[in-house]
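S.K.: Structure for this input, please:
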Amino acid sequence: MMRDMTPPTRRVLALAPMPPEKSAYALARYSRSPDSIEESLRWVHGHSSEKFWEQFYFDYGHASIADLGHVIICFEGISELAAVYIEDETLWDGQAKSSRYQDFGSGGMVVPEGILGTPVEATYRGIAARLQQAYTTLHAPIKDCLVRTTPKPDDMKPAAYDRALNARAFDVTRYLLPLAAPTNVGQVTSIRTLEKQISRLLSLPVGELRAVGEDLKRACANPPLNSWGELSGQPAGLAEPLAPTLARYARPSEYVMKTYPALKQAAAERLKLGAIEESEPVELIEPHAPLDELCATLLYRVTAYPYRQILAAVRDWTEKEKQEVIEVGLQWRGPYDELLKEFHCGYGFIFDILMDLGGWRDLHRHRRCQQVRQEFTPIHGYETPALLQDAGVLQPYRDTMDTVREHVESLALSHPEAATYLVPFGCRTRCLFKMDYAEAEYIARLRSGVKGHFSYRKIAWLMQQAILTRHPFLGARIAATPPDIEDSLTR
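M.R.: Numbering: from 1, shown residues only. The predicted structure follows:
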């Protein structure tokens with residue numbers, strides 16, 4: 001019997017939204033059978049998706065299946081600190097409430113649950129109130145200064161002009177926002193990323209982050225908010241739970257919980273570096289061996305030292321000493337655990353960046369590079385925007401930042417978690433950025449543009465300059481904009 005050689009009719013179909021676990025099940029079956037998508041959907045509708053997930057995802061570890069189902073999750077009333085950890089996924093799409101375009105002055109502050117009702121709470125609230133008051137009171141003189149120095153163009157509407165200058169003023173006053181400032185985050189992720197996110201949050205030592213992880217599990221176990229459907233006339237109360245199997249099986253990661261404290265102990269025992277060396281805002285690290293890179297990166301993550309300083313020490317170690325540190329990062333890894341992000345090595349461009357926390361929050365959005373961040377701390381000092389001097393409010397800013405820095409460093413001795421929440425956006429933070437040339441070109445070109453914040457514009461320009469010095473041909477082909485080219489009304 002001859003087979004029918006007639007080619008199938010080409011079709012391109014958009015499917016209506018489905019519960020994520022069921023859509024992933026349907027697409028997984030679709031790829032493993034000759035059926036049309038309609039036939040696959042009918043088949044899945046009559047079979048248990050939970051049994052499928054239990055067997056293939058959680059028992060056999062077929063993680064790629066979970067890439068086929070996506071969810072929209074919104075986080076409201078969380079701290080900026082929590083937002084950082086929520087966004088800290090490589091395969092993540094989302095946005096947080098912008099501190100460049102919205103007024104954060106009246107939202108109060110998130111207080112860690114562990115200090116509620118204790119004498120420390122009053123100290124904590126006092127530091128937060130000092131920052132919030134300065135954030136509010138400095139806005140008007142800074143905006144007035146911008147009005148004097150940046151006249152409204154004739155062809156610009158007054159409302160647009162006012163919004164632009166407000167945003168430029170927030171660019172400066174946000175340096176006084178602490179990580180305790182409340183914010184909102186919206187994300188679109190695959191179930192695979194969501195499961196990793198829940199596991200990681202449940203494994204972290206900060207109470208708010210573990211609570212957010214539990215909230216995520218509950219959100220997956222219940223029907224989603226269906227405001228759009230109700231607005232469109234759909235009957236209420238018919239939605240299925242979002243991802244019930246995921247909610248049942250997501251759990252903390254022993255690998256994460258045990259590895260970072262062990263690495264911190266290893267760093268304390270093995271690194272005898274003394275004082276933290278001064279470093280430039282951007283340092284392009286010289287090429288070095290993958291073993292040295294991996295060992296230095298693991299230690300960098302749990303210390304406050306520049307990468308250059310750690311690398312110099314690691315290079316003097318024996319192969320056995322380096323391997324012992326790497327083994328600390330591997331010993332608690334389970335059969336389905338992905339390697340920690342610090343194991344990503346071998347990139348051609350490694351930048352050690354020391355910049356204000358607020359500007360780093362903007363660069364944190366870049367996903368085509370690997371970022372290894374050190375813990376937030378005030379010990380690296382803070383940045384002072386030039387506009388403060390022009391507006392005549394430099395001294396109030398410095399007085400506030402100096403006082404807050406002193407109080408936060410003192411609080412960190414007894415309550416390190418609470419102290420972290422009070423680190424202002426103006427404080428410098430250190431982060432390792434590993435990337436290829438294409439991403440370096442993209443960041444330097446995009447982030448140096450006149451629409452950007454002056455903080456990361458400077459960092460992007462210095463990245464281009466570092467590449468130009470090391471690789472003149474490649475650096476010359478990055479169209480970065482010098483920081484002294486400005487346009488205050490371009491957003």
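S.K.: Residues in contact with the helix or strand harbouring Glu439: which ones?
M.R.: Under the criterion of DSSP states H and E, Glu439 resides in helix 437-447. With contacts defined as Cβ atoms under 8 Å, 6 or more residues apart in numbering, helix 437-447 is touched by 348-349, 362-363, 366, 368-369, 435, 452, 456-457, 459-461, 463-464, 467, 474, 477-480. (Glycine included, C-beta is placed from N, CA and C.)
S.K.: among those residues, which ones are buried?
M.R.: Neighbour counting with 16 or more other Cβ atoms under 10 Å marks 349, 362-363, 369, 435, 452, 456-457, 459-461, 463-464, 467, 474, 478, 480 as buried within those.
S.K.: isn't Glu240 right up against Ala221?
M.R.: No: between Glu240 and Ala221 there is no contact under Cβ atoms under 8 Å: 11.2 Å.
S.K.: hmm, who's touching the helix or strand hosting Phe473?
M.R.: Element membership of Phe473, judged by DSSP H and E, is helix 472-476. With Cβ under 8 Å, 6+ apart as the test, helix 472-476 has contacts from Tyr437, Gln464, Gln465, Ala466, Ile467, Leu468, Thr469.
S.K.: For the stretch 101-250 of the chain, give me the ranges with low pLDDT.
M.R.: For the stretch 101-250 of the chain, the stretches flagged by pLDDT under 70 are 236-238.
S.K.: Please, where are all the strands along it?
M.R.: 182-190 (DSSP state E, counting those that start in this stretch).
S.K.: could you pull out the helices for it?
M.R.: Secondary structure of the stretch 101-250 of the chain (DSSP state H, counting those that start in this stretch): helices at 119-137, 139-149, 158-173, 191-202, 207-221, 227-231, 244-249.
S.K.: Apart from its neighbours in sequence, what residue is nearest Tyr307?
M.R.: Counting by Cβ to Cβ, 6 or more residues apart in numbering, Asp352 is the residue found nearest to Tyr307 once chain neighbours are left out, at 4.2 Å.
S.K.: how about that neighbour, what does it touch?
M.R.: Contacts for Asp352 (Cβ under 8 Å, 6+ apart) come out as Ser279, Val282, Glu283, Ile285, Pro306, Tyr307, Arg308, Arg430, Cys431, Leu432.
S.K.: Including pLDDT, secondary structure and distance to Ala14, could those residues go into a markdown table?
M.R.: Formatted as a markdown table, those follow (pLDDT from 0 to 100; DSSP: H, G, I helix; E, B strand; the rest coil; distance: Cβ to Cβ, whole Å):
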| residue | pLDDT | secondary structure | distance to Ala14 |
| --- | --- | --- | --- |
| Ser279 | 95 | coil | 51 |
| Val282 | 98 | strand | 44 |
| Glu283 | 98 | strand | 48 |
| Ile285 | 98 | coil | 46 |
| Pro306 | 98 | coil | 50 |
| Tyr307 | 98 | helix | 47 |
| Arg308 | 98 | helix | 51 |
| Arg430 | 98 | strand | 45 |
| Cys431 | 98 | strand | 39 |
| Leu432 | 98 | strand | 41 |
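S.K.: thinking again about what came up before, list the ones among the buried ones among the contacts of helix 437-447 that fall in helices.
M.R.: Cross-referencing the buried ones among the contacts of helix 437-447 against helices under DSSP state H gives Asp362, Leu363, Tyr456, Arg457, Ile459, Ala460, Trp461, Met463, Gln464, Ile467, Leu474.
S.K.: and which of the residues you listed is nearest Gly381?
M.R.: Ile459 (16.1 Å; Cβ to Cβ).
S.K.: Surely that closest one touches Asp356?
M.R.: No: contact between Ile459 and Asp356 fails when scored by Cβ under 8 Å: they sit 9.5 Å apart.
S.K.: what's next to stretch 217-235, contact-wise?
M.R.: Stretch 217-235 is contacted by residues 71-73, 194, 198, 236, 239-244, 246-248, 250 when judged by Cβ under 8 Å, 6+ apart.
S.K.: Which of those are buried, as a ChimeraX select command?
M.R.: Here is the ChimeraX command that selects only those of the contacts of stretch 217-235 that count as buried (16+ other Cβ under 10 Å):
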select :71,73,194,198,241,242,243,244,246,247,250
